[in-house]
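In: missing the sequence, but the structure's below:
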């Protein structure tokens, strides 16, 4: 298939897509450089281009592909449930902090995600880290496992509940931005993490 045929079919050659991504990254690096200096001047723009270009040449990032689809309804649900969890977890952690003499028990659990793409791992981990009482300790990218520290564990049921909440976050992320193949992976039963 020639390049012309590919472009007519609606896809761009991989090299063109990579160049486009690099130009977008360079543009953001220039903006950040100018924001750090506090003013947009020709000298700062030129310096931002030089520094941003050097960063992209000497510290190249692996290409990240997005094969999913944005679903506005699921995205709104993801945001709404996240805000509710954020508020309730904040109240829970604040109650623990002001309770005199109470020493909460924490635990680290490994949860194997059903969709093991880099984007899903990153989004799920970020959403979990933003909620008070949970903290990502480690990510096993190859196995698709998140190791999460959870606060206030009193029984094995609390561990199961925490694991179910993490898988629910993953499901909401995939339903909001995942591909059709990733949505099918949600129906598989998650296996236990090591």
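Out: That came through fine. Predicted, not measured: the structure shown is a model, and the values here were computed from it.
In: so residue 139: helix, strand or coil?
Out: Here residue 139 is recorded as strand under DSSP: H, G, I helix; E, B strand; the rest coil.
In: my bad, should have said residue 147
Out: Residue 147, by the three-state scheme (three-state DSSP), is strand.
In: show me the contacts for it.
Out: Taking CB atoms under 8 Å, 6 or more residues apart in numbering, we find residue 147 in contact with 108, 109, 110, 111, 136, 137, 138, 139, 140, 193. Glycine gets a C-beta too; all of them are placed from N, C-alpha and C.
In: helix or strand for residue 111, which one?
Out: Applying DSSP states H and E as the criterion places residue 111 in strand 107-112.
In: low-confidence regions, this protein specifically.
Out: 1-18, 62-67, 189-194 (pLDDT under 70).
In: got a list of what the residue most central in space within it touches?
Out: With distances taken as CA atoms, centre = their mean, the chain has residue 123 as the residue nearest its mean C-alpha position (1.7 Å). Residue 123 is in contact with 173, 177, counting by CB under 8 Å, 6+ apart.
In: check the gap between it and residue 57 for me.
Out: Distance of residue 123 to residue 57, given as CB to CB, to the nearest Å: 28 Å.
In: care to break the chain down by domain?
Out: As assigned by automatic domain parsing, the chain contains the domains 3-58, 72-185.
In: thank you kindly, that will do.
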